[in-house]
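the following block contains a protein sequence and its predicted model.
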2 protein chains.
Amino acid sequence: MFTLLGTDPHSLARRGRLVTPHGVIETPIFMPVGTQGSVKTVHPVELEAIGAQIILGNTYHLAVRPGMEVMREAGGLHAFANWNKPILTDSGGFQVFSLGKLRKIKEEGVHFQNHVDGSPMMLGPESAMEIQSILGSDIAMLFDECPPHPCDAAYAAKSLDLTLRWAKRCREWVDKNQPMTNGKPQLHFGIVQGSSYPELRAKSARELVGIGFDGYAVGGVSVGEPEPEMMAAVEHSIPHLPMDKPRYAMGLGTPPQMIEMVARGIDMFDCVLPTRLARHSTAFTDEGTLNLKNNTFARDFRPISEDTHPLCRGFTRAYIRHLIKAGEILGLRLISLHNLHFYLSLMSRARTAIEEGYFNEFRKEFTAKYQPHKES
Amino acid sequence: MFTLLGTDPHSLARRGRLVTPHGVIETPIFMPVGTQGSVKTVHPVELEAIGAQIILGNTYHLAVRPGMEVMREAGGLHAFANWNKPILTDSGGFQVFSLGKLRKIKEEGVHFQNHVDGSPMMLGPESAMEIQSILGSDIAMLFDECPPHPCDAAYAAKSLDLTLRWAKRCREWVDKNQPMTNGKPQLHFGIVQGSSYPELRAKSARELVGIGFDGYAVGGVSVGEPEPEMMAAVEHSIPHLPMDKPRYAMGLGTPPQMIEMVARGIDMFDCVLPTRLARHSTAFTDEGTLNLKNNTFARDFRPISEDTHPLCRGFTRAYIRHLIKAGEILGLRLISLHNLHFYLSLMSRARTAIEEGYFNEFRKEFTAKYQPHKES
């Protein structure tokens, strides 16, 4: 159940609330990514401390390892990962299409060799939904084809038709099996595809809405396309999606991209940048990114930023740089935690700005101040 | 100031309390090792949560990286590492002697090339004490020569004489410079050497006590000697040390070794085993070690042990195994935290056993139950 609590008068930004089987999430929201059942380097207690409301897990990765027998015996992903708040699971579509030559797309689904031991597997609409029902996620994503960028019009149209046929099969599987988690019905989100073709995006959105889902994602963004195309893909999808359902831009983005996406009507985000850039010693701030490995920080005894999380306070840039140079994992932990806190609190600031009517000013100020570096 | 609170009637075990400039520590105690200014994988908040009262830092490692200019500007190791409880620093003696061919022992000190960039450095009694005064540790260790195992009698005697001359120079430097930390006098511990020769151990202890220090360590143990020799080295040192000063066995040991050392009159321990074995997926329990990478744990949905720390509760062996196989750092974190908790709580159990008069039973039960595996 999604409730629209307010809208911004100067943009399409919305303030909403989504009730899921494991709890309520406030939107716009950032969802930390826990592909393999763990948000990289972070303990669930820390996720709660930094205000994470929902995390991601991945169908493909978890089905490959530890495998569905373990996941079933464990009682699902919440119990396995010791996380009792909402979880969204990606369907594995994006991951299997990333396997390149190792996969073959057929009408029934995708045949592939997994990246861990190379054994042959198949993922299709029904199996992707079944796996997600066993994982017991609060929000399950439909199994779709995510076309590459660039993609010619003929392939994009053909691919979209397949994705729509798969969407119907997902719906049928869900209607028949009525998957539950925490004693309540699992939610299911459709994924708008159509590459960079406005008419295909429109068709995709309209047909998915016709079938009817609990929310809608914009997929096929963040696949290497230039930022204007990414924005356009969202702009061409949003007008065809209902106001009373949440909208999720998959795999996005940099901090200013997220703010711009909120302004275009997106409610939910997931992105590996906070934890991935942490592995490259890069921390997010309102002014842009800092590479803490740099020599300039060797005697910088300030915290990463003034508004870092209490768990990162008291640690100076000089100390974190030392930890990185010395190969100490605490350095990676502190930057990961700081970055996730930055992303989560950026969305919290956006929510407040929408509630209090100054989102337009916040958007302008933030995007003007933030200087993108190479790292982001 | 060390206070002897009680002794065990059946062994040399003691219950004590040491007041240091940054706080009080209860003995017998285990001290987690933070060689490079970080207890591997662990956050200071977690160290407090598992009851760490004092941690170690290392003169050699910190002088090499980040270097003493950074340490001085940071205001010492407590501020740098964001840890406001007691710290003991090793003098670097053990580390420089481990450099093998890269070092040359002279009367003034040891010349060596450091392991990070190979640049030439010198560490001697005065510089080791000066560095430790800048680090601002609560307990500074004397600069000694740690002879290898095995070591012939002539070399052991010659090495001990050098160590004793260095001890006098350390004492003179301290008397002259009066190093303070947290506004109070830093404590200084002598190190008993003498390899496996009882008369040298006795001489070493007697002469150090003659010079006078705040505590005494038994060094040159845990250098690859068989366990009976390790025990003998302690047995030959303890009778010559005063009852009213703390005694520290350097670099020890396995859980039963620590209990046996407590029974021989040792008050303080440090050891890298809890964090090092964690990196090999190995967890300590009362029954011995478990290698959580093993297949047998793939569907084992019990916690590492029933008495694991609350921060590790809720995580099953199957989940931790999955994290290890998937290369997720949380797995390493959970085992490290569990192992440190195990070591800390083992000493807490020993303290209670001494206080309540059942240390002898505790010692027998624990050492009988604990089955050493290859990993430990």
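Looks like it arrived, so ask away. Remember, predicted model here, so these are calculated numbers, not experimental data. Numbers count the residues shown, from 1 in each chain, chains lettered A, B, ... in the order given.

quick check, pLDDT for the spatially most distant residue from the centre of chain A.
Largest separation from the mean C-alpha position in chain A: residue A:299, at 36.1 Å (CA atoms, centre = their mean). Looking at residue A:299, its pLDDT is 98.

give me the beta-bridge partners of the residue nearest to residue A:266 when sequence neighbours are not counted?
Excluding the flanking residues, the one nearest residue A:266 by CB to CB, 6 or more residues apart in numbering or on different chains is residue A:249, at 4.5 Å. (Glycine included, C-beta is placed from N, CA and C.) Here residue A:249 sits in beta bridges with residue A:218, residue A:269, as judged by DSSP bridges.

before we move on, back to that, which residues touch the residue farthest from the centre of chain A?
A:318, B:69, B:70, B:73 (CB atoms under 8 Å, 6 or more residues apart in numbering or on different chains).

now do the contacts for the second one.
It refers to residue B:69. Per CB under 8 Å, 6+ apart, neighbours of residue B:69: residue A:299.

tell me which element it falls in.
Under the criterion of DSSP states H and E, residue B:69 resides in helix B:68-74.

likewise for residue A:366?
Per DSSP H and E: helix A:359-369 holds residue A:366.

pLDDT on that helix, on average?
What helix A:359-369 shows for mean pLDDT is 98.

now for it, which elements pack on it?
helix A:255-263, helix A:329-355 (3 or more CB pairs under 8 Å, 6 or more residues apart in numbering or on different chains; DSSP states H and E).

export that helix to CSV, keeping only CA atoms.
C-alpha atoms of helix A:359-369 as CSV (Å, rounded to 0.1, in the frame of the first residue of the first chain):
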residue,chain,number,x,y,z
PHE,A,359,12.6,21.1,-2.6
ASN,A,360,13.2,23.4,-5.6
GLU,A,361,15.8,25.5,-3.6
PHE,A,362,17.4,22.3,-2.2
ARG,A,363,17.7,20.8,-5.6
LYS,A,364,19.3,23.9,-7.1
GLU,A,365,21.7,24.5,-4.2
PHE,A,366,22.7,20.9,-3.9
THR,A,367,23.4,20.3,-7.6
ALA,A,368,25.3,23.6,-7.9
LYS,A,369,27.5,22.9,-4.9
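
angle of it against helix A:329-355?
140 degrees (axes from the mean of the first three to the mean of the last three CA atoms, to 10 degrees).

what residues does chain A put near chain B?
A:36-38, A:40-43, A:45, A:61, A:65-66, A:69-70, A:73-74, A:80-82, A:298-299, A:301, A:311, A:314-316, A:318-319, A:321-323, A:325-326, A:328-334 (CB under 8 Å from any CB of the partner chain).

can you tell me which of these are in helices?
Using DSSP state H, the subset of these located in helices is A:45, A:61, A:69-70, A:73-74, A:80-81, A:318-319, A:321-323, A:325, A:329-334.

just the buried members of the residues you listed?
A:61, A:70, A:74, A:80-81, A:318-319, A:321-323, A:325, A:329-334 (16 or more other CB atoms under 10 Å in any protein chain shown).

which ones are touching residue A:341?
A:50, A:51, A:308, A:309, A:312.

would you mind measuring from the residue farthest from the centre of chain A to residue B:121?
20 Å (CB to CB, to the nearest Å).

next: residue A:296.
For residue A:296 relative to residue B:121 (CB to CB), the value is 25 Å.

those two: which is more packed in?
residue B:121 (18 against 11; other CB atoms under 10 Å in any protein chain shown).

for the more buried one, list each beta-bridge partner.
Applying DSSP bridges, one finds that residue B:121 bridges with residue B:112.

pick out the residue nearest the middle of chain A.
Judging by CA atoms, centre = their mean, chain A has its centre closest to residue A:270, at 2.0 Å.

how about the closest residue to that one other than its chain neighbours, phi and psi?
With CB to CB, 6+ apart as the criterion, residue A:270 has its nearest non-adjacent residue at 4.4 Å, and that residue is residue A:31. Phi and psi for residue A:31, reported as degrees, to the nearest 10, are phi -110, psi 110.

let me know the pLDDT of residue A:31.
Reported pLDDT for residue A:31: 98.

of all the contacts of residue A:299, which two lie farthest apart?
A:318 and B:69 (10.8 Å; CB to CB).

how much space between the residue in the stretch 101-250 of chain A positioned nearest to chain B and residue A:66?
In the stretch 101-250 of chain A, no residue comes nearer to chain B than residue A:116, which is 8.7 Å away by CB to the nearest CB. According to CB to CB, residue A:116 and residue A:66 sit 10 Å apart.

neighbour count for those two, which is higher?
residue A:66 (24 against 12).

I'd say that one and residue B:324 touch.
No - the criterion here is CB atoms under 8 Å, and residue A:66 misses it with residue B:324 at 11.0 Å.

point to the helix or strand of chain A where mean pLDDT is at its lowest.
helix A:93-97 (a mean of 87; mean pLDDT, DSSP states H and E).

quick one: buried residues of the next helix or strand after it?
Once helix A:93-97 ends, the next helix or strand along the chain (criterion: DSSP H and E) is strand A:103-105. In terms of neighbour count (16+ other CB under 10 Å), strand A:103-105 has its buried residues at residue A:103.

try stretch A:225-233
A:225, A:229, A:230, A:231, A:232, A:233.

name the nearest residue to the last one, ignoring sequence neighbours.
Closest residue to residue A:233 in three dimensions, ignoring its sequence neighbours and counting by CB to CB, 6+ apart: residue A:221, at 5.1 Å.

that neighbour: neighbouring residues, count only.
Using other CB under 10 Å as the criterion, the residues surrounding residue A:221 number 29.

ok, it - contacts?
So residue A:221 contacts A:230, A:233, A:234, A:249, A:250, A:251, A:252 (CB under 8 Å, 6+ apart).

on that earlier part again, which of the buried residues of stretch A:225-233 fall in strands?
For the buried residues of stretch A:225-233, not one is inside strands, with DSSP state E as the criterion.

want to throw those residues into a markdown table with distance to residue B:171?
Below are the buried residues of stretch A:225-233 laid out as a markdown table (distance: CB to CB, whole Å):
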| residue | distance to residue B:171 |
| --- | --- |
| A:225 | 71 |
| A:229 | 73 |
| A:230 | 69 |
| A:231 | 71 |
| A:232 | 76 |
| A:233 | 74 |
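
I'd say residue A:279 and residue A:332 touch.
Yes - counting by CB under 8 Å, residue A:279 touches residue A:332, with 6.5 Å between them.

send me the least confident helix or strand of chain A as CSV with only the CA atoms.
Only the C-alpha atoms of helix A:93-97 are listed here, as CSV (Å, rounded to 0.1, in the frame of the first residue of the first chain):
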residue,chain,number,x,y,z
GLY,A,93,17.3,-10.3,-15.2
PHE,A,94,20.0,-7.6,-15.2
GLN,A,95,22.7,-10.0,-13.9
VAL,A,96,22.0,-12.8,-16.4
PHE,A,97,22.1,-10.4,-19.3
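
which elements pack onto it?
Using 3+ CB pairs under 8 Å, 6+ apart, helix A:93-97 sits against helix A:59-64, strand A:110-113.

re the thing from before, of the buried residues of stretch A:225-233, closest to residue A:185?
residue A:233 (29.8 Å).

if you average pLDDT over stretch A:125-143, what comes out?
98.
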